[in-house]
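K.L.:
here is a sequence together with a model predicted from it:
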Amino acid sequence: MINEKDMWGIVKQVMKGSMMRMIGLSFIICHLSFSVCACSEENDEEGEFDNWKERNDGKTDQWATRTNGGWYRKILTYTKNEQQSGLEIWDYIYVELLEKGSGTESPMFTDEVRVAYRGRYIPTKSYTDGYVFDQTYLGDFDWQTAEFVDFSPADVVTGFGTALMNMHVGDRWRVHIPYQLAYGASGNSSSSSQTIPGYTNLIFDIAVQNFWHLGEYPGIFKSK
């Protein structure tokens, strides 16, 4: 026969166990709620290349609305002319003039041009200056230490070629190229170079050291 004292002891033990189970359950619920919230916040955060087309289109809009003149210019692609109807903002490259050279001539489509360059994407969360995908020099640009390479406007993307055909020896430009004048919607997946996603605007810092026409020797034709 259980006396009254023992009965109260049993009741207290049962209540204590129930309370501990409720505390444990509450802890689990709170933990799950926090995890769900954290996951939700993480999922809401924009990834490196999320909405990539829209972000690059928006950047082209920004370039196009800057005031044309002085040290900032817009230049129509060499594949079109100003007399054409229906020209769009992506038919232009947008140029910041970083350094003006002493040259007076510009390369032609089939010329060879000696340049140093750095190419990058538009800024993203991890790459606030834009991801650098190709370059011929490291750190700050220096005419004396940068590596220069030779190629023709005919052998590069339309936007890059357009820039070269408007530059002079000694010029250094920052060239903003809409993806329509770069690798378009499909991007560049060539095995010989780094893959560039579709809808990627390109930003190039380009310095022209020299150029020469077919049949001319580069060592004596022009120099910075």
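P.N.:
Here it is on my side, so go on.
K.L.:
could I get the contacting residues of S126?
P.N.:
By Cβ atoms under 8 Å, 6 or more residues apart in numbering, the contact set of S126 is E48. For every residue, glycine as well, the C-beta is placed using N, CA and C.
K.L.:
err, L202, not the other one
P.N.:
Contacts for L202 were tallied using Cβ under 8 Å, 6+ apart; they are G119, R120, Y121, V157, G159, F160, H176, I177, Y179, A182, I196.
K.L.:
which helix or which strand is home to the first one?
P.N.:
Taking DSSP states H and E as the criterion, the element that holds G119 is strand 112-120.
K.L.:
residue closest to the middle of the chain?
P.N.:
Y121 (1.6 Å; Cα atoms, centre = their mean).
K.L.:
and it, how far is that from H213?
P.N.:
Distance check for Y121 against H213: by Cβ to Cβ, to the nearest Å, it reads 34 Å.
K.L.:
backbone dihedrals for the closest residue in space to Q180 that isn't next to it in sequence, please?
P.N.:
Take Q180 and drop its neighbours on the chain: the residue closest to it by Cβ to Cβ, 6 or more residues apart in numbering is W90, 4.1 Å away. Dihedral angles phi and psi of W90 (degrees, to the nearest 10) take the values phi -80, psi 0.
K.L.:
wait, isn't W90 in contact with P178?
P.N.:
Yes. With contact defined as Cβ atoms under 8 Å, W90 reaches P178; the gap is 3.9 Å.
K.L.:
understood, closing this out.
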